[in-house]
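Student: Compute the structure for the input listed below.
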Amino acid sequence: MLLKRIIYVILLLLTCIALVQTCAALTYSGGGEWNISEEITIKENSGNKLANYQIPIVLNSSNFDFSVARLEGEDLRFSAGDKQLKHWIEEWDTSMEEALVWVKVPSIAANGSAKITMHYGNPDASDVGSGPATFEFYDDFSGSSLFRNWDSYTTGGGELKVSNGVANLIVPKFHPEDVASIKSKEKFPINSMFVVKRKKATTGTDSRGPVITQGFVDPQRETRNQVLTSTEHENETKVTWILENYKSDARYFPRDLTSVNVVEGDWCTVGVAWYVEDKFGKIAWFKDGIRDSRMDLAATEENNYIPLVDMKVYLLARTYSDVSDNTGYASFDYAYVRNFVSQEPSVIFTSNIAQEEAVTELEPARINITPASGLMSAIRIFDTEDYDDATIVDLKDSGINTVMLLTDGDDIWSLERFVKKARDKDMQVYAMIFNDPKSDSDEDNSMYVKNVLEKVIDYNSKSLSAFDGVDIALDPCSNDPELACSLNLLLLDDVREMAGDKLAVAIDIPASYAPADISEVSANADLIILQTYSLDANYPQSKDAIIDSIAPKMGEIRISESKALVGIAVNEEFITDNEVQSLLEDLQDYYSNDTAFMGTSIVVYEDYEEYSMIPETEAKETESKGIPGFTVLFAAAGLLAVSYRQRSQKRK
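Tutor: The predicted structure is shown next:
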């Protein structure tokens, strides 16, 4: 009897300890219990150990149940082990089921990962979010003055006013030196990013309104060391860097690099990132959390115009020097400084939301991608230089009705003439976006892909001949399948949101993808392009071998009610190869009654090999096997394509 009591007491103590450890992380709660917890993995990508790094947690209906959280997220908590982490909610919209939350993570090992837990679902909990505790610097301008955090300067009639949580830098006078500025009392080291939520108002007759300047300056004298952006003109359509490094006696003022393009009176966030890599300074610029690669700059030994010394953050509004009536003011809702590395950590939700009742998720509306002929006959083109008007006509006459056209974003306007000619022949044209060819094979290329997509979207808004869609190559999930596939899903969420209902989204599925993973990908895809074997494998060279290799994946595509292209790669002589034509006809006959089958596409193997820069030894091994008239091609970037037509003229 005594032994039973002892065992009971021990079990009771262990239970109490477990409860104490679980609750210890969630202090200052306001009472109640948290009904839902979600584990999140933070992966470090820069190769640096990160300490007290601010991580953005993007919440939506796919990873968060807004119906059980408090209306403004007051019950949100984050923990690591038995420690509660500091957090701040930047955006929270229950009706739209969208939120952005920053969490300060104590430590992430270089190229490693850290796990944190998100807690919510406690109706009694009170808000403990704190900007000052989360960031290196934070001001929501909730007081009546700026004196606590800022030094100020005005001239020529410039004014500073703080009211209702907004700081206004006002330039109300018809004067060439109407200036209002503030500079933080605190200074910050390199590898920092300065973010403000801001808007502009014009009060004079000149629609340009005031000039707004934001960034980092020397603690003693602003013009000594500077990393600043200046935005000018109506809707802030002209953005310029102001860079000066006193130590190197170097300065640089590249002008009109991009556009804020925000309607006057609308809020937006603008971020200036200042960091060091390989001993030299670099800078980046963000609008509403999205990096604009047109603003990326790096100092060199010859042009060392980015300072590395500690600096203060700085905001300024001024009139133009031409004495025009461009009076007005800049308003700031909040400002913060956070830590920054160029390859920022990735956020991965590692488990599904725990819910008592099943929730039926609405799939995004799919874009109608079906050509007039009913099936797609696509070709991948890596370089348009060899394709003249006659070649495009030949492609169309051969049955090709879709072109996948490679772009890195920087060359996009040089492709407009080709896109127009193809569309004039009733051909669809997709912008083909692969991983950054300059990056390592195991590097997360999400930022590169999104930057190129942003350029495609910008091109479509201005061009005579817009792209019909984009073709995105996924990470093959070979080195770390679970992590890579999770990063792919995060990327596709962003791609689908960016593309909206204006651009069709085609996805290349790598050979390493398990059939079960395809259903998650298909939720954000209008078209899936399948591949089966990697480049160093034996190639299926018959209808039966190809069909067998993709059969389980086609099954998943049917269940998800998606559309798929099947493909093969060919050499430059394929058009005269009867074996190829027979294979194509056999594939179409086999899938003739398959609702998931959307058609075929081709890629010339030599073109792909040249682009992918296959190592010489690997290329020789491939050559020794011989390239038949057709061959299934699988590569790290993600290609499988099937062919009808080769261009008539040889490569230059």
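Student: could you measure residue 383 against residue 376, distance?
Tutor: Distance, residue 383 to residue 376, using CB to CB, to the nearest Å: 22 Å. Every C-beta, even on glycine, is put in place using the N, C-alpha and C of the backbone.
Student: got it, and residue 257?
Tutor: 38 Å.
Student: avg pLDDT for whichever strand or helix holds residue 422?
Tutor: Assessed by DSSP states H and E, residue 422 sits inside helix 416-424. The pLDDT scores in helix 416-424 average 90.
Student: same for that helix, what does it pack against?
Tutor: When contacts are defined as 3 or more CB pairs under 8 Å, 6 or more residues apart in numbering; DSSP states H and E, helix 416-424 packs onto helix 389-397, strand 402-406, strand 428-433.
Student: how about these, which one is nearest residue 131?
Tutor: With CB to CB as the measure, strand 428-433 is the member of the helices and strands packed on helix 416-424 nearest residue 131 (36.0 Å).
Student: Between residue 257 and residue 376, tell me which one has more neighbours.
Tutor: residue 376 (22 against 16; other CB atoms under 10 Å).
Student: who does the more buried one bridge with?
Tutor: Residue 376 has these beta-bridge partners by DSSP bridges: residue 599.
Student: That one touches residue 598, doesn't it?
Tutor: Yes. Between residue 376 and residue 598 there is a contact under CB atoms under 8 Å: 5.4 Å.
Student: mind checking which helix or strand of the chain has the lowest mean pLDDT?
Tutor: Every helix and strand of the chain was ranked by mean pLDDT, DSSP states H and E. The lowest is strand 630-631, at a mean of 33.
Student: For residue 122, give me its contacts.
Tutor: Residue 122 sits next to 29, 32-35, 70, 75 when contact means CB atoms under 8 Å, 6 or more residues apart in numbering.
Student: mind checking the SS state of it?
Tutor: coil (DSSP: H, G, I helix; E, B strand; the rest coil).
Student: who does residue 281 bridge with?
Tutor: Counting by DSSP bridges, the residues bridging with residue 281 are residue 276.
Student: Same check on the one 4 residues further on?
Tutor: Note on residue 285: beta-bridge partners by DSSP bridges are residue 272.
Student: wouldn't it be in contact with residue 259 here?
Tutor: No. Using CB under 8 Å, residue 285 is not in contact with residue 259; the gap is 11.3 Å.
Student: Which neighbours do those two have in common?
Tutor: residue 239.
Student: So between these two, which is more surrounded?
Tutor: Between residue 285 and residue 259, counted using other CB under 10 Å, the more crowded position is residue 285 (24 against 17).
Student: Return the residues in contact with the more buried one.
Tutor: 229, 239, 258, 270-273, 291-292, 295-296.
Student: what about residue 186, how many neighbours?
Tutor: 14.
Student: Name the helix or strand for it, please.
Tutor: Assigned by DSSP H and E, residue 186 falls in strand 179-188.
Student: what's next to the one helix or strand residue 243 maps to, contact-wise?
Tutor: Taking DSSP H and E as the definition, residue 243 sits inside strand 238-245. Contact with strand 238-245 is made by 213, 215, 223-232, 250-260, 281, 283, 285, 295, 297, 299, 304-307, as judged by CB under 8 Å, 6+ apart.
Student: Ok, stretch 53-67 next?
Tutor: Residues external to stretch 53-67 that are found in contact with it (CB under 8 Å, 6+ apart): 36, 38, 40, 42, 78, 94, 97-105, 108, 118, 120-121, 134-135, 289, 338-339, 345, 347, 349, 353, 355, 359, 361, 493.
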